[in-house]
Each structure stands twice: as C-alpha cells, then as structure tokens.
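In: Just need the structure, nothing else, for what follows:
(chains A and B)
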Amino acid sequence: MMRRNPGFWFALPLIAAMLLFFAAPLVIVVWFSLMPPRSFDLTTDFGLQNYQSAFADGYGPPLMWSLIGATLTTAITAALAWPTAKILHRHAGRWASIVTALIALPIFISESVRLFGLSVFLMPGGGILAGTLKALFDVQIGTILNTRFAALLGMVYIHFPFMLFPMLLGVGMIPADRIEAAQDLGAGRWAILREVELPLAAPGLLVGGLLTFVLCLGANAEAAILGGRAVTVITAAIEQRFNYAQDWPMGAALTVLVILVTAALVFPAVRRIDLNRIIRR
Amino acid sequence: MIGGRARNWVKVIWVCTILTALYLPILSVLLASLANTRYMRFPHKVWSLDAYRGAAADYTTVTLHVISLQIAVWVVLLSVVLGTLGAMAYARYDWRGRTLFQKMLVLPIFFPQPVLGLALLLSMSALGIAPSWKTAVVAHAVWIVPIVTLVISIRLFGYDVAQEEAAFDLGASRWQVAREVTFPALWPGIFSGALFAFLLSWSNLPLSIYTSGADTPLPLWLFSRTATNYSPLVPAIAVIGTFVSGLVVLALLLLRRVLSRAAN
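Out: Just a heads-up that it's a prediction; the model follows:
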C-alpha cells in the first residue's frame, strides 16, 4: 500500500490553481502585448508595435528608475542586514530572539501604515521630526519628502526584513569552527569575509537579494507616498497605460518587460538554489 | 583593533539603531492619530482621542474591516487546504516531478506583486470579470498559498514516515492513520501557516491595489487617503486596523491553547 505514490495527487489541486491563476494570466498578458495598440480583444493579429513604441514613447526611464531603485535597495539592505544577521547569530539566545521577533513584527503591519508613518515623521513644519526638533531645540529643518531619496529610504525601510531573514538562515549555515580555523591560519577580517563567510552563506544571501530585488522592481507605494512626483516607477507607468489611457496592449507590453527582467534573474537562481537544504534546517 | 567591551557596545548601539529606525514610523502613526486638527502641527496643542471617536462613529471603519476580513478569511481557507495538500507533495512523498514542483512553487513568491495584480486585472477584464473583493482573494492567494505551503513543509521535513507504516502494521485503517498520526504532525505547521496567511493578507497593499475594484480593503483605503484628503481619522483607522489584526492573532493563539488542552 505504501509503494503506490500519491504525491502527484496531493500536488494536483495546487498545480491546477497555479496554472489557472498564475500561468494563464501571464499568457494572456503576453498575448495582449502582441495586439494592435488600443485594442480590447484577443485576436491572432500579432505584432511587435507595442514593444517598439514602449521605448520610443519614453517608457525607458520608468523602467530604468525601477531597476536603479531595486539595485540600490538590494545593496543598501544587504549592507545593513549583514552585520545585523551576524550579531543575531553570534549572540543567539533570549535577547537575540526578542530582537529577531521585534524586527519581524513590522512585516505584519501594513506597508501603507508604515509608509504613512514615515511620511508624517519626515513632514516639514509640523511633522514628527521637524516639530520635535523645533519644540525642543528651536532648530528648523527642511525635508527630504517628495524626492527620489525619500522613495529610496522607504524602499529600504520596507524591504529590510525580507533581506535580513534569508540572510540569517545563510549566516546560520557557516560553521563556527570554519572561521576559527581561518583565523588560526592567519586570515584577516576581509579574507575571512570573502573566502569563508560569503561563500558559505551564499544561498541565504541569494534568496534574500533576489526577493528584495524582485519586490522592489514592482514597488510603487514608496514612490507614491514618499517620492511625490519626483519619480515615476514602471508599475505607475503601467497602471497609467491600463487605466487612464485605456491602452491595454501597451500596458501589457510594459508588464511583459518587467516579467522578462524578473524571469532572467529568478530562473537561473531557482535552478541553482536548493531551497530544501535551506529550509530543512 | 577595538577591545572586546567596546565592540560589544558598538553591537548594542547598532541593533538599537535598527530597531529605532523600524519603529519610529509606527510610533509616528500613533502620535499623528492623537491630534484634533486637520493639518499636522506636531507637537499637538491639544492631545485628544477625537479621531478615535470619529472613527468609531464612522461607518467606513466597519466596512473597511469587513472587506479586509472577508478577503483574509477566504485566503486563510484556501491557503490551509491547498497548502496542506501541497506540503504533502512537497515534503512528505517522493514522486516523479517533485523537484520540478518544488522549484515552480516558489516562482509566484519571486514575482513583483503589483505586476501580478495588474496581470490578473488585465486577464479578468479580458474575460469580462469585474474586479471585486473576490478577485482580490485570488490575487492574494497566488502569492500567499506558496508561502503557506513552504511554512507547512518545513514542519513536515522532520516527520518520520515510519510512524505511518507502523500504524498500518498495527492494523489501523487509512482514515485512522490520517487522523491519529499524520494530522497531529501537520497541525503545528497548519496553524502557523494560517497565521501567516491571515497577517499577510490583512496587511497586503500591492496585491489589492489593482484587483479589488470598488471594494476597498483597509490598506488600500489608507494608501489613497494618505495622498489626498488627509485627516487624523487616517492614522486613527491605521492604529485600529493594526490593533484588530493583533486581536485576531491573539484569539487564534488562545483557540489553539484551548484545543490542545481539550485534546490532552
């Protein structure tokens, strides 16, 4: 009885749901992107006009801003998360668990609440920061609100935990004796980081980096709430095309471009990472 | 070289800075909600709970919570059913195609959420389905079900299949084995999975933006009211919404306690 393997049957409902609600919509989007501009029907009248006009009509910059934002956010969160992960791992115990839980908690408070909080904090004049400084020290400060920098700050703020937790799993994969051995052999700090720690923690870093980058690629709330009109990200450009311009094929073409960038990063990584090994721990 | 004691201080300061940075915006929401003026003028001349009274009297508050709750409950049910079955295929059974299944399953997680919402919106519109809270459930589920499947799978990896075989050898029926052996092993994972599903759905903004149509869940309302038409009602409802999700989690934890006590 145990010989017969029911694994496939258990997987079937999930596979069916994912094909219907994840794969099929993507196929429809690709199909729409090949339709003549401003059409609302799926036909076999395929063409590449939308992709050609995507760059001619100035949709290059929004895509570029999203890519730059995602790259910077990934780099900054990684730089902040690495020492944090090492501290939490090294001093594992009651305090570290409390700190870890405190870092995880905000993930479950809505992004809109936290970004709104950041905007009232940074608000000029009567904002939390500016108002407090004025009342306590009589210092007037300006604001970074409604700049690209503010949008980037928001992205780093929101995505830090997504980088930290996979990284924490990665750092957990470094055996302590390996570092000691390297130290005994006279390796310096940088050599240990480059030759021992980073390679051993690589799966965690890769998952964290990938997750952060991909989430940032589509992020638009940060730019909308904190960035003002300083920057148009690709998601905002797509939405504008879908809703206001009623040009579905163009919106679809832009969506496909984002999907292609995502796939180019995710597919090779997923093939390489053995997720089982990371989560089995 | 820095001395050991100094290095420890650097670490403490680093961790405290990170925590402060994470919680200052959340504290700011709380502070902003205690005003009674339309424009933020911090520090407030008058600290008041007017905004909370206003929120309690406003029917919008209830509507927003009901819509968010409706979506979250459906997402939890879908995630638990599909996730539990999926986790059996992910971690319990060895079958042809399992590796592919494991790799494909994470693809929706590594996908930009608003783009997923837009793709769903376009396909639904093409099929003539009007977006509503039900389409938002679908959008949430595409992202959350794989996560819940992984959460349940993590627990299942430690599961010893020999227990089931032993039960069969002792003459247990298939149903008895499922109820007495498999399910108790799955239960902690299912519970954490349900908690994750609820919290992720309740707080999600990017998947709802384009898929919820005329039904506005809580995070989406906060998002649109932050940009236009601000008043202290906005932070007050943000605080209430976060508080309610905390209460739901607390209730679920209590329920688990009662259930496990009843089982013993």
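In: From now on I want contacts and neighbour counts done on CA atoms only, so please keep to that.
Out: Fine.
In: Do I have it right that A:I76 meets A:G154?
Out: No: judged on Cα atoms under 8 Å, A:I76 makes no contact with A:G154 at a distance of 11.9 Å.
In: Looking only at neighbour counts, state which of the two leads.
Out: A:G154 (24 against 17; other Cα atoms under 10 Å in any protein chain shown).
In: can you tell me the helix or strand for that one?
Out: Using DSSP states H and E, A:G154 sits within helix A:148-171.
In: Quick check: next helix or strand after that helix?
Out: Following helix A:148-171 in sequence, per DSSP H and E, is helix A:176-184.
In: Need the mean per-residue confidence for that following helix.
Out: The pLDDT scores in helix A:176-184 average 86.
In: Check stretch B:199-206 too.
Out: Stretch B:199-206 comes out at a mean pLDDT of 92.
In: Report whether it contacts chain A.
Out: Yes: applying Cα under 8 Å from any Cα of the partner chain, one finds stretch B:199-206 touching chain A at B:L199, B:L200, B:W202, B:S203, B:N204, B:L205, B:P206.
In: mind listing what the first one touches?
Out: By Cα atoms under 8 Å, 6 or more residues apart in numbering or on different chains, the contact set of B:L199 is A:F108, B:A72, B:S245.
In: Any chance of those residues in CSV with neighbour count and distance to B:A141 as columns?
Out: Shown next, in CSV, are those (neighbours: other Cα atoms under 10 Å in any protein chain shown; distance: Cα to Cα, whole Å):
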residue, neighbour count, distance to B:A141
A:F108, 18, 16
B:A72, 25, 10
B:S245, 19, 18
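In: I'd like those residues laid out as JSON lines, including secondary structure and distance to B:F110.
Out: Formatted as JSON lines, the contacts of B:L199 follow (DSSP: H, G, I helix; E, B strand; the rest coil; distance: Cα to Cα, whole Å):
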{"residue": "A:F108", "secondary structure": "helix", "distance to B:F110": "19"}
{"residue": "B:A72", "secondary structure": "helix", "distance to B:F110": "21"}
{"residue": "B:S245", "secondary structure": "helix", "distance to B:F110": "26"}
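In: which among these gets closest to B:P112?
Out: A:F108 (18.3 Å; Cα to Cα).
In: show me where chain B has strands.
Out: Using DSSP state E, no strands are assigned anywhere in chain B.
In: Next, count neighbours for the residue of the stretch 151-264 of chain B at minimum distance from chain A.
Out: Proximity of the stretch 151-264 of chain B to chain A (Cα to the nearest Cα) peaks at B:S203, 4.0 Å away. By other Cα under 10 Å, the residues close to B:S203 number 25.
In: Poorly predicted segments of the chain, please.
Out: Picked chain A for this. Residue ranges of chain A with pLDDT under 70: A:1-4, A:275-281.
In: My question was about chain B, not that one.
Out: For chain B (pLDDT under 70), the answer is B:1-3.
In: how about the residue nearest to B:P131 when sequence neighbours are not counted, what does it touch?
Out: Take B:P131 and drop its neighbours on the chain: the residue closest to it by Cα to Cα, 6 or more residues apart in numbering or on different chains is B:G213, 4.6 Å away. Counting by Cα under 8 Å, 6+ apart, B:G213 makes contact with B:A130, B:P131, B:S132, B:W133.
In: From A:T143, how far out is the spatially most central residue of chain B?
Out: Chain B has B:L200 as the residue nearest its centroid, 1.8 Å off, counting by Cα atoms, centre = their mean. Using Cα to Cα, to the nearest Å, we find B:L200 at a distance of 32 Å from A:T143.
In: how about the residues of the stretch 51-200 of chain B that lie near chain A?
Out: Counting by Cα under 8 Å from any Cα, the stretch 51-200 of chain B sits next to chain A at B:82-83, B:85-86, B:88-90, B:92-98, B:101, B:103, B:107-115, B:118-120, B:122-123, B:126, B:138-139, B:142, B:154, B:157-158, B:165, B:199-200.
In: Pull out the buried members of the residues you listed.
Out: By neighbour count, with 16 or more other Cα atoms under 10 Å in any protein chain shown, these hold B:82-83, B:85-86, B:88-90, B:92-93, B:98, B:101, B:103, B:107-115, B:118-120, B:122-123, B:126, B:138-139, B:142, B:154, B:157, B:199-200 as buried.
In: one step back: nearest to A:T255, of the contacts of B:G213?
Out: B:P131 (18.7 Å).
In: Against A:M250, how distant is the closest one?
Out: 20 Å.
In: Which one's more surrounded, the two?
Out: Ranked by neighbour count (other Cα under 10 Å), B:P131 and A:M250 place A:M250 first, with 27 against 19.
In: Disregarding residues adjacent in the polypeptide, which is nearest to that one?
Out: A:N50 (5.3 Å).
In: Determine the set of other helices and strands touching the strand or helix carrying that neighbour.
Out: Taking DSSP H and E as the definition, A:N50 sits inside helix A:49-56. Using 3 or more Cα pairs under 8 Å, 6 or more residues apart in numbering or on different chains; DSSP states H and E, the elements in contact with helix A:49-56 are helix A:248-272.
In: Quick check: buried residues in the helix it packs on?
Out: Within helix A:248-272, the residues scored as buried using 16+ other Cα under 10 Å are A:248-259, A:262-263, A:266, A:270.
In: repeat for stretch A:75-94
Out: Buried residues in stretch A:75-94, counted by 16+ other Cα under 10 Å: A:75-78, A:80-82, A:84-89.
In: Can you give the contact residues for it?
Out: A:96, A:100, A:156, A:159-160, A:163-164, A:167-168, A:171-172, A:209, B:11, B:14-15.
In: what about 6 Å?
Out: Defining contact as Cα atoms under 6 Å, 6 or more residues apart in numbering or on different chains, one finds that stretch A:75-94 is touched by A:A96, A:V156, A:F160, A:L164, A:L168.
In: Let's see if you can find the most crowded of these.
Out: Neighbour counts for these peak at A:L164, which has 27 neighbours (criterion: other Cα under 10 Å).
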